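Trainee: After the sequence you'll find the predicted model.
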Amino acid sequence: MSGTTDLEGAPAGYWHRLDDGRIQCDLCPRYCKLGEGQRGLCFVRGRAGDEMRLFTYGRSSGFCVDPIEKKPLNHYLPGTPVLSFGTAGCNLTCKFCQNWDISKARADDRLMDRASPDAIAVAAMETGSRSVAFTYNDPVIFLEYAVDVAEACQALGIGTVVVSAGYITPEPRAEFFRQMNAANIDLKGFTEDFYRKLCSGALAPVLETLKYIRHETDCWLEITTLLIPGANDSAEEIEALATWVADELGPDVPVHFTAFHPDWRMRDTPATPSATLIKARRIAREAGLTHVYTGNIHDPEGQSTYCGSCGALLIERDWYVLSDWRLDETGACIACSAPLSGVFEAVPGTWGAQRRPVFLGAA
């Protein structure tokens, strides 16, 4: 589609008219039904006149160059910088949201920077970023903008990375993920009860998204689950999640268990103990997963990558800093020659833990 950066937004796809005069958004499983002037739950897609529009096209809550490991992606171009940005809004209502100031914001509250897709691609090239990440809030709700940015990036040899909860319907799912080079999908829990009570959503569409990415696209896939004490951290649920991933997606799909901290509407829930994450990693590995990581805690062992064949240390990490690198030029273990699943180059990047804000201005 042709882009625009005006405050009226841009035409949005994936909707149809209803017999009662409303229009229905078909982008995600919420299927919001809208009268004139109404917005969907995400607040960024809404009806204007007799069509759906995306009100955050060309507008961002800010840009920053991050380490790719912060997404988190441990098997996609390790050590490289990624130009990260988001917009506003979300199509889930997670009570534990760790980015609530962006994801729960309305467009006009947070959107400061304007940038065309071409300007973002050029900024990525000029900052030395190997990829652009759609993150901070869920990019499926600004699909048209993200797809246009991805196409602009591809023209310059820049990759695109998506950080999403995967709450999207089949047709837009296909358009969205076929444009992406890597994805980290937030699998928030492994029960419908968790999704219904804490996210006002459903688990099944997310599982379908995971299977689609893994089996129907070339997009590299990793998964993150934020473990919340008393909500989704039982040994039984972790084992069930890990078993499903191993059986349905494959044992080499990396899974990250990260620590919750009290936020948004769960400020009375305690932070996740480090021991919970370390135990979750052990359970998941025993259930058949090869690459399981811990996050938001200091745990070099749980953040490093090991060979699934011989067990040798392949990539040593301390937070976002890489130290030891034991892959050959093809991305295989130097000890036993077993290939490591992912997207690797002959040598790792050296970006480290830097976080550098970028101002694109009006573009």
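Mentor: In hand now; what should we look at? Residues are numbered from 1 along each chain as shown.
Trainee: contacts, neighbours, all on C-alpha from now
Mentor: Noted.
Trainee: contact partners of stretch 272-290?
Mentor: Contacts of stretch 272-290 with the rest of the structure, by Cα atoms under 8 Å, 6 or more residues apart in numbering, involve 227-229, 233, 235, 238-239, 242-243, 245-246, 250-254, 257-261, 291-294, 297, 302, 308.
Trainee: Please settle this for me: is A121 part of a helix?
Mentor: Yes - the assignment for A121 is a helix, going by DSSP: H, G, I helix; E, B strand; the rest coil.
Trainee: so how far is T305 from it?
Mentor: Applying Cα to Cα, to the nearest Å, the value for A121 to T305 is 30 Å.
Trainee: partners of R39 in the sheet?
Mentor: R39 has the following beta-bridge partners by DSSP bridges: G46.
Trainee: So what's the residue count around it?
Mentor: 21 (other Cα atoms under 10 Å).
Trainee: Could you do the one 10 residues further on as well?
Mentor: By the criterion of other Cα under 10 Å, G49 has 10 neighbours.
Trainee: Show me what counts as buried in stretch 330-337.
Mentor: The neighbour-count check on stretch 330-337 (16 or more other Cα atoms under 10 Å) flags G331, A332, C333, I334, A335 as buried.
Trainee: Let's test this: mean pLDDT of that stretch, rounded?
Mentor: Stretch 330-337 comes out with an average pLDDT of 97.
Trainee: And stretch 308-323, by the same measure?
Mentor: Stretch 308-323 comes out at a mean pLDDT of 96.
Trainee: Show me what counts as buried in that stretch.
Mentor: By neighbour count on 16+ other Cα under 10 Å, the buried set for stretch 308-323 is G308, L313, L314, I315, E316, R317, D318, W319, Y320, V321, L322.
Trainee: So which of these sit within helices?
Mentor: Nothing among the buried residues of stretch 308-323 maps onto helices, per DSSP state H.
Trainee: export the residues you listed to a markdown table and tack on distance to P11?
Mentor: As requested, these are exported to a markdown table (distance: Cα to Cα, whole Å):
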| residue | distance to P11 |
| --- | --- |
| G308 | 47 |
| L313 | 49 |
| L314 | 47 |
| I315 | 45 |
| E316 | 46 |
| R317 | 44 |
| D318 | 44 |
| W319 | 41 |
| Y320 | 39 |
| V321 | 42 |
| L322 | 43 |
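Trainee: Just the strands from the stretch 51-200 of the chain, written as ranges.
Mentor: Remark: strands assigned in the stretch 51-200 of the chain by DSSP state E, counting those that start in this stretch are 51-54, 59-60, 63-67, 81-85, 113-114, 131-134, 159-164, 182-186.
Trainee: thinking again about what came up before, from the buried residues of stretch 308-323, pick the one nearest G21.
Mentor: Y320 (51.7 Å; Cα to Cα).
Trainee: Do I have it right that that closest one meets E69?
Mentor: Yes - with contact defined as Cα atoms under 8 Å, Y320 reaches E69; the gap is 5.9 Å.
Trainee: what is in contact with the two at once?
Mentor: Here Y320 and E69 have G79 as joint contacts, going by Cα under 8 Å, 6+ apart.
Trainee: ok, back up a step: for the strands of the stretch 51-200 of the chain, give me TSV that also has distance to Y14.
Mentor: Output for the strands of the stretch 51-200 of the chain, formatted as TSV (distance: least, Cα to Cα, whole Å):
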stretch	distance to Y14
strand 51-54	8
strand 59-60	21
strand 63-67	28
strand 81-85	24
strand 113-114	24
strand 131-134	20
strand 159-164	18
strand 182-186	22
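Trainee: weakest of those by average pLDDT?
Mentor: Looking across the strands of the stretch 51-200 of the chain, the weakest by mean pLDDT turns out to be strand 113-114, at a mean of 76.
Trainee: Go ahead and measure how far that one is from the middle of the chain.
Mentor: On the basis of Cα atoms, centre = their mean, to the nearest Å, strand 113-114 is displaced by 21 Å from the centre of the chain it belongs to.
Trainee: And stretch 174-188, by the same measure?
Mentor: On Cα atoms, centre = their mean, the centre of stretch 174-188 falls 7 Å from that of its chain.
Trainee: is it possible to export the strands of the stretch 51-200 of the chain to CSV including mean neighbour count?
Mentor: Listed next are these as CSV, based on neighbours: other Cα atoms under 10 Å:
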stretch, mean neighbour count
strand 51-54, 22
strand 59-60, 24
strand 63-67, 23
strand 81-85, 27
strand 113-114, 20
strand 131-134, 27
strand 159-164, 25
strand 182-186, 24
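Trainee: Show me the domain layout of this protein.
Mentor: 10-54, 59-358 (automatic domain parsing).
Trainee: Next up, the contacts around the residue nearest to A332 when sequence neighbours are not counted.
Mentor: Spatial nearest neighbour of A332, chain neighbours left out: P339 (3.9 Å); criterion: Cα to Cα, 6 or more residues apart in numbering. Counting by Cα under 8 Å, 6+ apart, P339 makes contact with T330, G331, A332, C333.
Trainee: Which member of those is positioned nearest L92?
Mentor: Using Cα to Cα, G331 is the member of these that lies nearest L92, at 37.1 Å.
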